[in-house]
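Q: sharing a model that was predicted from the sequence below.
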Amino acid sequence: MSDTEPVDTEPVDTEDVRLQVYRSFAGHGVPPTVDELASELRGSPDEIRSALRQLAADRHVVLGADDSILMAHPFA
């Protein structure tokens, strides 16, 4: 028997990422980092980047070259 915690294998939901981005902007005035989102949503950085790219394609956010959030509607 393993002493490690089971890994949550449920994928990160894009809508959850969008809402967390909005909460961060509203609460702190700055966008969250990929690592912050991964920690808050219990996902991997790769899952978060994928969700952010989908949000960018849907025009909810604008990303920088490194997938950092530059702007998010309606905070832009």
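A: Cool, got the structure.
Q: which positions within the one helix or strand residue 52 maps to qualify as buried?
A: Residue 52 belongs to helix 45-57 when assigned by DSSP states H and E. The neighbour-count check on helix 45-57 (16 or more other CB atoms under 10 Å) flags 47-52, 55-56 as buried. Backbone N, C-alpha and C define where each C-beta goes, glycine included.
Q: again with stretch 12-32
A: Quick answer for stretch 12-32 (16+ other CB under 10 Å): 12, 14, 17-18, 20-22, 24-25, 31-32.
Q: may I see the buried residues of helix 45-57 organised as a markdown table, with pLDDT added?
A: As requested, the buried residues of helix 45-57 are arranged in a markdown table below (pLDDT from 0 to 100):
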| residue | pLDDT |
| --- | --- |
| 47 | 96 |
| 48 | 97 |
| 49 | 97 |
| 50 | 96 |
| 51 | 97 |
| 52 | 98 |
| 55 | 97 |
| 56 | 97 |
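Q: of the residues you listed, just say which sits nearest to residue 38.
A: For the buried residues of helix 45-57, the closest approach to residue 38 (CB to CB) belongs to residue 48, at 4.9 Å.
Q: which residues are in contact with that closest one?
A: For residue 48, the contact set (CB atoms under 8 Å, 6 or more residues apart in numbering) comprises 12, 17, 34, 37-38, 41.
Q: which ones among the buried residues of stretch 12-32 are found in helices?
A: 14, 17-18, 20-22, 24-25 (DSSP state H).
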